[in-house]
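Visitor: Fold the following and give me the result.
(one chain, ligands or ions: 1)
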Amino acid sequence: MTSGYKKAFWVNSKAIAQNPEKHIKEMVEMGADEIFLLSIDNEGALYPAKLSVVAKEAKQKSLIEEAIKEAKRNGLKVHAWVVALNKPNEELTTKRREWFVVSKEGKSCIDEPPYINGYKWFCPSNEEVRSYLLGTIQELMETYDIDGVHLDYIRLPDLFLPEGLREKYGLEKNKDVYMEKYDFCYCKKCREGFMKDFGIDPIEIKFGTRKWYEWHAWRANKITEIVKSINKVVKSYDSSIETSAAVFATPGYAYRIVFQQWITWPLDSFEPMIYHEYYDKNIKWIGEATMEGLSSGKNIVAGIFLGFLRSREDLLSATDIALEKGSSGVCFFVYPVPHPELKDTIREAFSRF
Ligand SMILES: [Zn+2]
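Guide: From the prediction side, this is the model:
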(Lines give C-alpha, C1' and ligand atoms only; values in the text may rest on other atoms or scores of the structure.)
Protein backbone atom coordinates (compact mmCIF):
# COMPACT_ATOMS: atom_id res chain seq x y z
CA MET A 1 0.00 0.00 0.00
CA THR A 2 2.77 2.42 0.78
CA SER A 3 5.78 3.30 -1.31
CA GLY A 4 7.94 3.72 1.78
CA TYR A 5 7.39 7.45 1.57
CA LYS A 6 5.01 9.31 3.82
CA LYS A 7 2.02 10.88 2.09
CA ALA A 8 0.53 12.72 4.97
CA PHE A 9 -1.57 15.58 6.28
CA TRP A 10 -1.52 17.38 9.58
CA VAL A 11 -5.19 17.16 10.43
CA ASN A 12 -7.26 19.63 12.39
CA SER A 13 -9.36 17.12 14.30
CA LYS A 14 -11.89 19.72 15.48
CA ALA A 15 -12.76 20.47 11.87
CA ILE A 16 -13.44 16.83 11.00
CA ALA A 17 -15.03 15.65 14.27
CA GLN A 18 -18.60 16.11 13.04
CA ASN A 19 -18.18 13.88 10.05
CA PRO A 20 -14.95 11.91 10.17
CA GLU A 21 -16.19 9.41 7.61
CA LYS A 22 -16.50 12.03 4.88
CA HIS A 23 -13.16 13.66 5.65
CA ILE A 24 -11.14 10.48 5.99
CA LYS A 25 -12.60 9.31 2.68
CA GLU A 26 -11.54 12.57 1.07
CA MET A 27 -7.97 12.24 2.37
CA VAL A 28 -7.77 8.65 1.15
CA GLU A 29 -9.05 9.75 -2.26
CA MET A 30 -6.33 12.36 -2.43
CA GLY A 31 -3.81 9.59 -1.85
CA ALA A 32 -2.78 10.12 1.77
CA ASP A 33 -1.68 7.07 3.70
CA GLU A 34 -0.80 8.63 7.05
CA ILE A 35 -2.30 11.39 9.16
CA PHE A 36 -0.98 13.48 12.01
CA LEU A 37 -4.19 13.95 13.95
CA LEU A 38 -4.31 16.82 16.42
CA SER A 39 -4.94 14.98 19.70
CA ILE A 40 -3.64 17.32 22.39
CA ASP A 41 -3.66 21.01 21.50
CA ASN A 42 -2.57 24.08 23.43
CA GLU A 43 -5.77 24.08 25.49
CA GLY A 44 -5.43 20.43 26.47
CA ALA A 45 -6.43 16.93 25.41
CA LEU A 46 -9.12 16.68 22.74
CA TYR A 47 -10.62 13.74 24.62
CA PRO A 48 -11.68 13.27 28.24
CA ALA A 49 -8.21 12.61 29.65
CA LYS A 50 -7.51 12.10 33.35
CA LEU A 51 -3.83 12.98 33.53
CA SER A 52 -3.97 16.05 31.31
CA VAL A 53 -6.11 19.16 31.24
CA VAL A 54 -8.88 18.79 28.69
CA ALA A 55 -9.95 21.33 26.06
CA LYS A 56 -13.45 22.71 26.72
CA GLU A 57 -15.06 21.16 23.64
CA ALA A 58 -13.78 17.71 24.58
CA LYS A 59 -14.89 17.45 28.22
CA GLN A 60 -17.93 15.32 27.40
CA LYS A 61 -16.95 13.62 24.21
CA SER A 62 -13.73 12.66 22.47
CA LEU A 63 -13.06 14.65 19.31
CA ILE A 64 -10.60 12.08 18.01
CA GLU A 65 -12.04 8.65 18.80
CA GLU A 66 -14.21 8.29 15.71
CA ALA A 67 -11.62 9.82 13.44
CA ILE A 68 -9.00 7.32 14.64
CA LYS A 69 -11.33 4.37 14.10
CA GLU A 70 -12.38 5.60 10.70
CA ALA A 71 -8.78 6.25 9.64
CA LYS A 72 -7.71 2.76 10.74
CA ARG A 73 -10.66 1.16 8.90
CA ASN A 74 -9.36 2.86 5.79
CA GLY A 75 -5.81 1.67 6.26
CA LEU A 76 -4.33 5.00 7.30
CA LYS A 77 -1.55 5.21 9.84
CA VAL A 78 -2.48 7.55 12.67
CA HIS A 79 0.09 9.65 14.50
CA ALA A 80 -1.24 11.49 17.53
CA TRP A 81 -0.14 15.11 17.11
CA VAL A 82 0.71 16.55 20.52
CA VAL A 83 1.23 20.23 21.32
CA ALA A 84 3.81 19.82 24.07
CA LEU A 85 5.03 23.01 25.75
CA ASN A 86 2.72 25.81 24.58
CA LYS A 87 -0.12 25.57 27.09
CA PRO A 88 -2.24 28.70 27.66
CA ASN A 89 -4.89 26.67 29.50
CA GLU A 90 -6.42 28.75 32.28
CA GLU A 91 -6.50 26.00 34.85
CA LEU A 92 -2.76 25.54 34.40
CA THR A 93 -1.86 29.22 34.27
CA THR A 94 -3.80 29.70 37.50
CA LYS A 95 -2.78 26.64 39.47
CA ARG A 96 0.69 25.92 38.06
CA ARG A 97 2.17 29.34 37.66
CA GLU A 98 5.66 28.07 38.50
CA TRP A 99 5.58 25.70 35.50
CA PHE A 100 5.66 28.59 33.03
CA VAL A 101 8.64 30.39 31.51
CA VAL A 102 9.95 33.72 32.75
CA SER A 103 11.68 36.32 30.54
CA LYS A 104 15.01 37.99 31.19
CA GLU A 105 13.00 41.02 32.30
CA GLY A 106 11.70 38.78 35.09
CA LYS A 107 8.14 38.69 33.75
CA SER A 108 6.14 35.48 33.59
CA CYS A 109 4.82 34.65 30.12
CA ILE A 110 1.44 34.33 31.83
CA ASP A 111 1.37 38.08 32.45
CA GLU A 112 3.37 39.19 29.43
CA PRO A 113 3.19 36.60 26.69
CA PRO A 114 5.72 37.21 23.88
CA TYR A 115 4.35 38.15 20.43
CA ILE A 116 0.80 36.84 20.89
CA ASN A 117 -1.64 36.33 23.68
CA GLY A 118 -1.59 32.55 23.62
CA TYR A 119 2.20 32.34 23.97
CA LYS A 120 2.22 30.82 27.44
CA TRP A 121 4.85 28.14 27.64
CA PHE A 122 5.90 25.44 30.05
CA CYS A 123 9.49 25.58 31.25
CA PRO A 124 11.43 22.53 29.99
CA SER A 125 13.67 22.52 33.09
CA ASN A 126 10.80 21.88 35.44
CA GLU A 127 10.61 18.22 36.55
CA GLU A 128 6.89 18.51 37.23
CA VAL A 129 6.31 19.66 33.67
CA ARG A 130 8.24 16.63 32.48
CA SER A 131 6.26 14.13 34.54
CA TYR A 132 3.04 15.83 33.49
CA LEU A 133 3.94 15.43 29.81
CA LEU A 134 5.10 11.84 30.22
CA GLY A 135 1.90 10.91 32.08
CA THR A 136 -0.20 12.59 29.42
CA ILE A 137 1.49 10.70 26.61
CA GLN A 138 1.34 7.38 28.46
CA GLU A 139 -2.40 7.82 28.94
CA LEU A 140 -2.86 8.80 25.29
CA MET A 141 -1.17 5.58 24.13
CA GLU A 142 -3.23 3.48 26.54
CA THR A 143 -6.48 5.10 25.40
CA TYR A 144 -6.14 4.98 21.62
CA ASP A 145 -4.77 2.61 19.04
CA ILE A 146 -2.20 4.95 17.52
CA ASP A 147 0.78 4.28 15.27
CA GLY A 148 2.82 7.27 16.27
CA VAL A 149 3.39 10.10 18.72
CA HIS A 150 4.19 13.38 17.02
CA LEU A 151 5.55 16.29 19.06
CA ASP A 152 4.87 19.92 18.21
CA TYR A 153 5.70 23.16 20.07
CA ILE A 154 8.55 21.28 21.64
CA ARG A 155 10.73 24.34 22.11
CA LEU A 156 11.05 27.65 23.92
CA PRO A 157 9.36 30.81 22.57
CA ASP A 158 11.13 32.39 19.58
CA LEU A 159 14.24 34.30 20.61
CA PHE A 160 14.00 35.77 17.12
CA LEU A 161 11.15 35.47 14.66
CA PRO A 162 11.68 34.07 11.16
CA GLU A 163 12.20 36.96 8.67
CA GLY A 164 8.79 36.70 7.00
CA LEU A 165 6.97 37.23 10.29
CA ARG A 166 8.89 40.17 11.71
CA GLU A 167 7.11 43.12 10.13
CA LYS A 168 3.78 41.82 11.37
CA TYR A 169 5.10 42.25 14.91
CA GLY A 170 6.73 45.63 14.31
CA LEU A 171 10.26 44.20 14.13
CA GLU A 172 13.04 44.98 11.69
CA LYS A 173 12.97 42.48 8.86
CA ASN A 174 16.61 42.01 8.01
CA LYS A 175 18.17 42.11 11.43
CA ASP A 176 18.10 39.87 14.48
CA VAL A 177 17.26 42.36 17.17
CA TYR A 178 17.78 40.89 20.62
CA MET A 179 15.20 41.86 23.24
CA GLU A 180 15.12 40.76 26.85
CA LYS A 181 11.35 40.44 26.78
CA TYR A 182 11.66 37.66 24.16
CA ASP A 183 14.46 35.85 25.97
CA PHE A 184 13.32 32.83 28.03
CA CYS A 185 13.67 31.13 30.49
CA TYR A 186 14.93 32.75 33.68
CA CYS A 187 12.66 30.99 36.15
CA LYS A 188 14.06 29.87 39.47
CA LYS A 189 14.70 26.31 38.23
CA CYS A 190 16.60 27.50 35.16
CA ARG A 191 18.70 30.04 37.03
CA GLU A 192 19.58 27.62 39.80
CA GLY A 193 20.18 24.78 37.36
CA PHE A 194 22.62 26.75 35.22
CA MET A 195 24.28 28.17 38.29
CA LYS A 196 24.87 24.65 39.56
CA ASP A 197 26.40 23.52 36.25
CA PHE A 198 28.39 26.65 35.34
CA GLY A 199 28.75 28.68 38.51
CA ILE A 200 27.08 31.80 37.18
CA ASP A 201 23.53 33.11 37.32
CA PRO A 202 22.37 33.40 33.68
CA ILE A 203 20.70 36.71 34.42
CA GLU A 204 24.27 38.12 34.52
CA ILE A 205 25.15 36.82 31.06
CA LYS A 206 25.14 39.32 28.20
CA PHE A 207 23.66 38.37 24.86
CA GLY A 208 26.33 37.40 22.32
CA THR A 209 29.19 36.81 24.77
CA ARG A 210 31.00 33.49 24.92
CA LYS A 211 29.13 32.46 28.07
CA TRP A 212 25.90 33.26 26.28
CA TYR A 213 26.46 30.33 23.90
CA GLU A 214 26.85 27.96 26.82
CA TRP A 215 23.62 29.28 28.27
CA HIS A 216 21.93 28.92 24.88
CA ALA A 217 23.18 25.34 24.62
CA TRP A 218 22.10 24.57 28.19
CA ARG A 219 18.54 25.57 27.38
CA ALA A 220 18.51 23.59 24.13
CA ASN A 221 19.73 20.61 26.11
CA LYS A 222 16.76 20.83 28.50
CA ILE A 223 14.43 20.45 25.53
CA THR A 224 16.49 17.57 24.17
CA GLU A 225 16.24 15.85 27.57
CA ILE A 226 12.43 16.05 27.44
CA VAL A 227 12.36 14.66 23.91
CA LYS A 228 14.59 11.79 25.00
CA SER A 229 12.38 10.92 27.95
CA ILE A 230 9.24 11.03 25.82
CA ASN A 231 10.88 8.80 23.22
CA LYS A 232 11.84 6.36 25.97
CA VAL A 233 8.34 6.24 27.44
CA VAL A 234 6.82 5.62 24.02
CA LYS A 235 9.29 2.92 23.02
CA SER A 236 9.08 1.07 26.31
CA TYR A 237 5.31 1.01 26.06
CA ASP A 238 5.34 -0.27 22.48
CA SER A 239 8.46 -0.20 20.35
CA SER A 240 6.40 -0.24 17.17
CA ILE A 241 4.93 3.19 17.91
CA GLU A 242 6.79 5.75 15.82
CA THR A 243 8.11 8.96 17.28
CA SER A 244 8.43 12.18 15.31
CA ALA A 245 8.32 15.93 15.65
CA ALA A 246 7.28 19.09 13.81
CA VAL A 247 10.49 21.07 14.07
CA PHE A 248 11.65 24.42 12.72
CA ALA A 249 12.64 24.40 9.06
CA THR A 250 16.38 23.77 9.25
CA PRO A 251 18.68 22.60 12.05
CA GLY A 252 20.40 26.01 11.99
CA TYR A 253 17.24 28.09 12.33
CA ALA A 254 15.77 25.68 14.84
CA TYR A 255 18.75 25.87 17.17
CA ARG A 256 19.32 29.61 16.89
CA ILE A 257 15.77 30.89 17.20
CA VAL A 258 13.86 28.29 19.20
CA PHE A 259 16.53 26.20 20.98
CA GLN A 260 15.73 22.98 19.14
CA GLN A 261 18.87 20.95 18.63
CA TRP A 262 16.83 18.43 16.73
CA ILE A 263 19.77 16.79 15.03
CA THR A 264 20.47 15.13 18.39
CA TRP A 265 16.93 13.93 19.05
CA PRO A 266 16.44 10.15 18.90
CA LEU A 267 13.14 10.18 16.96
CA ASP A 268 12.11 8.01 14.02
CA SER A 269 11.31 10.89 11.72
CA PHE A 270 11.28 14.66 11.53
CA GLU A 271 8.69 16.79 9.77
CA PRO A 272 10.44 20.17 9.57
CA MET A 273 7.94 22.94 8.94
CA ILE A 274 9.50 24.27 5.75
CA TYR A 275 6.92 27.04 5.50
CA HIS A 276 8.88 29.14 3.01
CA GLU A 277 7.01 32.44 3.16
CA TYR A 278 7.46 32.67 6.93
CA TYR A 279 11.18 32.73 6.21
CA ASP A 280 10.73 35.15 3.31
CA LYS A 281 11.94 32.47 0.90
CA ASN A 282 10.74 31.05 -2.41
CA ILE A 283 9.60 27.53 -3.24
CA LYS A 284 13.09 26.44 -4.30
CA TRP A 285 14.21 26.90 -0.71
CA ILE A 286 12.04 23.93 0.29
CA GLY A 287 14.66 21.79 -1.48
CA GLU A 288 17.57 23.55 0.21
CA ALA A 289 16.03 23.21 3.65
CA THR A 290 15.32 19.54 2.99
CA MET A 291 18.97 18.99 2.11
CA GLU A 292 20.16 20.81 5.19
CA GLY A 293 17.94 18.60 7.33
CA LEU A 294 19.18 15.47 5.60
CA SER A 295 22.78 16.42 6.21
CA SER A 296 22.10 15.67 9.87
CA GLY A 297 21.57 12.02 8.93
CA LYS A 298 17.97 12.09 10.12
CA ASN A 299 14.89 10.80 8.34
CA ILE A 300 13.23 13.92 6.94
CA VAL A 301 9.67 14.32 5.69
CA ALA A 302 9.25 17.86 4.34
CA GLY A 303 6.41 19.75 6.01
CA ILE A 304 4.80 21.95 3.35
CA PHE A 305 2.37 24.79 4.00
CA LEU A 306 -0.52 24.46 1.55
CA GLY A 307 -1.73 28.00 2.21
CA PHE A 308 1.41 29.35 0.48
CA LEU A 309 0.85 27.24 -2.65
CA ARG A 310 -1.74 28.99 -4.76
CA SER A 311 -1.51 27.24 -8.11
CA ARG A 312 -1.03 23.77 -9.55
CA GLU A 313 2.50 24.65 -10.70
CA ASP A 314 3.53 25.88 -7.25
CA LEU A 315 2.13 22.88 -5.46
CA LEU A 316 3.77 20.38 -7.78
CA SER A 317 7.11 22.13 -7.78
CA ALA A 318 7.15 22.32 -3.96
CA THR A 319 6.52 18.59 -3.68
CA ASP A 320 8.87 17.65 -6.51
CA ILE A 321 11.77 19.64 -5.17
CA ALA A 322 11.42 18.17 -1.67
CA LEU A 323 11.40 14.64 -3.07
CA GLU A 324 14.20 15.34 -5.51
CA LYS A 325 16.42 16.56 -2.66
CA GLY A 326 15.84 13.41 -0.64
CA SER A 327 12.74 13.93 1.50
CA SER A 328 11.05 10.67 2.58
CA GLY A 329 7.66 11.97 1.48
CA VAL A 330 5.60 15.03 2.20
CA CYS A 331 3.40 16.16 5.04
CA PHE A 332 0.94 18.88 4.10
CA PHE A 333 -0.27 21.52 6.52
CA VAL A 334 -3.22 21.38 6.85
CA TYR A 335 -6.37 19.35 6.36
CA PRO A 336 -9.10 20.60 5.69
CA VAL A 337 -7.11 22.11 2.82
CA PRO A 338 -6.96 25.90 2.45
CA HIS A 339 -7.37 25.92 -1.36
CA PRO A 340 -9.99 23.25 -2.08
CA GLU A 341 -9.67 23.87 -5.82
CA LEU A 342 -6.25 22.22 -5.61
CA LYS A 343 -7.43 18.87 -4.24
CA ASP A 344 -6.84 17.18 -7.61
CA THR A 345 -3.35 18.62 -7.66
CA ILE A 346 -2.65 17.18 -4.24
CA ARG A 347 -3.72 13.81 -5.56
CA GLU A 348 -1.41 14.32 -8.53
CA ALA A 349 1.46 15.30 -6.25
CA PHE A 350 1.04 12.24 -4.01
CA SER A 351 0.78 9.96 -7.05
CA ARG A 352 4.28 10.95 -8.18
CA PHE A 353 6.07 9.03 -5.44
ZN1 LIG B 1 12.68 27.92 33.44
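
Visitor: Around the ion, pick out the residues from the protein.
Guide: 123, 125, 185, 187, 190 (Cβ under 5 Å from the ion). (Glycine included, C-beta is placed from N, CA and C.)

Visitor: Would you agree Glu98 is in contact with Cys187?
Guide: Yes. Contact criterion Cβ atoms under 8 Å: Glu98 and Cys187 qualify, at 7.2 Å.

Visitor: Need the residues touching each of these two.
Guide: Common neighbours of Glu98 and Cys187, using Cβ atoms under 8 Å, 6 or more residues apart in numbering, are Asn126.

Visitor: quick one: which of those two has more around it?
Guide: Neighbour totals were compared for Glu98 and Cys187, and Cys187 leads with 21 against 14 (other Cβ atoms under 10 Å).

Visitor: Counting neighbours, what do you get for Lys298?
Guide: Lys298: 20 surrounding residues under other Cβ under 10 Å.

Visitor: Excluding covalently adjacent residues, which one is nearest to the residue nearest in space to the middle of the chain?
Guide: Central residue of the chain (Cα atoms, centre = their mean): Asp152, 2.1 Å from the mean position. Residue nearest to Asp152 in three dimensions, not counting chain neighbours: Ala246, with 4.4 Å by Cβ to Cβ, 6 or more residues apart in numbering.

Visitor: swap in Leu151?
Guide: Ala245 (4.2 Å).

Visitor: The one you found reaches Tyr153, doesn't it?
Guide: No. Using Cβ under 8 Å, Ala245 is not in contact with Tyr153; the gap is 9.8 Å.

Visitor: circling back to that earlier point, would you mind naming the residues that bridge with the residue nearest to Leu151?
Guide: Bridge pairing for Ala245 (DSSP bridges) gives the partners Leu151, Phe270.

Visitor: Narrow the residues of the chain next to the ion to those in helices?
Guide: The members of the residues of the chain next to the ion that map onto helices under DSSP state H are Cys190.

Visitor: Neighbour-wise, give me the winner out of the residues of the chain next to the ion.
Guide: Greatest neighbour count in these, by other Cβ under 10 Å, goes to Cys185: 27 neighbours.

Visitor: what does the domain assignment say about this protein?
Guide: With domains defined by automatic domain parsing, the chain comprises 1-74, 84-247, 272-342+349-353.

Visitor: Turn those domains into JSON lines, columns for distance to Pro266 and mean pLDDT.
Guide: What follows is these, written out as JSON lines (distance: least, Cβ to Cβ, whole Å; pLDDT from 0 to 100):
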{"stretch": "domain 1-74", "distance to Pro266": "19", "mean pLDDT": "95"}
{"stretch": "domain 84-247", "distance to Pro266": "5", "mean pLDDT": "97"}
{"stretch": "domain 272-342+349-353", "distance to Pro266": "10", "mean pLDDT": "97"}
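
Visitor: all helices of the stretch 1-150 of the chain, in order?
Guide: In the stretch 1-150 of the chain, the helices defined using DSSP state H, counting those that start in this stretch lie at 13-16, 20-30, 65-73, 90-95, 127-143.

Visitor: Same list (these) but as CSV, adding distance to Pro336.
Guide: As requested, the helices of the stretch 1-150 of the chain are arranged in CSV below (distance: least, Cβ to Cβ, whole Å):
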stretch, distance to Pro336
helix 13-16, 5
helix 20-30, 7
helix 65-73, 13
helix 90-95, 28
helix 127-143, 23
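
Visitor: Throw these into a markdown table and include mean neighbour count, thanks.
Guide: As requested, the helices of the stretch 1-150 of the chain are exported to a markdown table (neighbours: other Cβ atoms under 10 Å):
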| stretch | mean neighbour count |
| --- | --- |
| helix 13-16 | 20 |
| helix 20-30 | 18 |
| helix 65-73 | 19 |
| helix 90-95 | 14 |
| helix 127-143 | 17 |
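
Visitor: between these, which one is nearest to Gly44?
Guide: Among the helices of the stretch 1-150 of the chain, helix 90-95 comes nearest to Gly44, with 8.2 Å by Cβ to Cβ.

Visitor: Tell me the buried residues in the host helix or strand of Ala220?
Guide: Here Ala220 sits within helix 210-237, counting by DSSP states H and E. Within helix 210-237, the residues scored as buried using 16 or more other Cβ atoms under 10 Å are 214-216, 218-224, 226-227, 230-231, 233-235.
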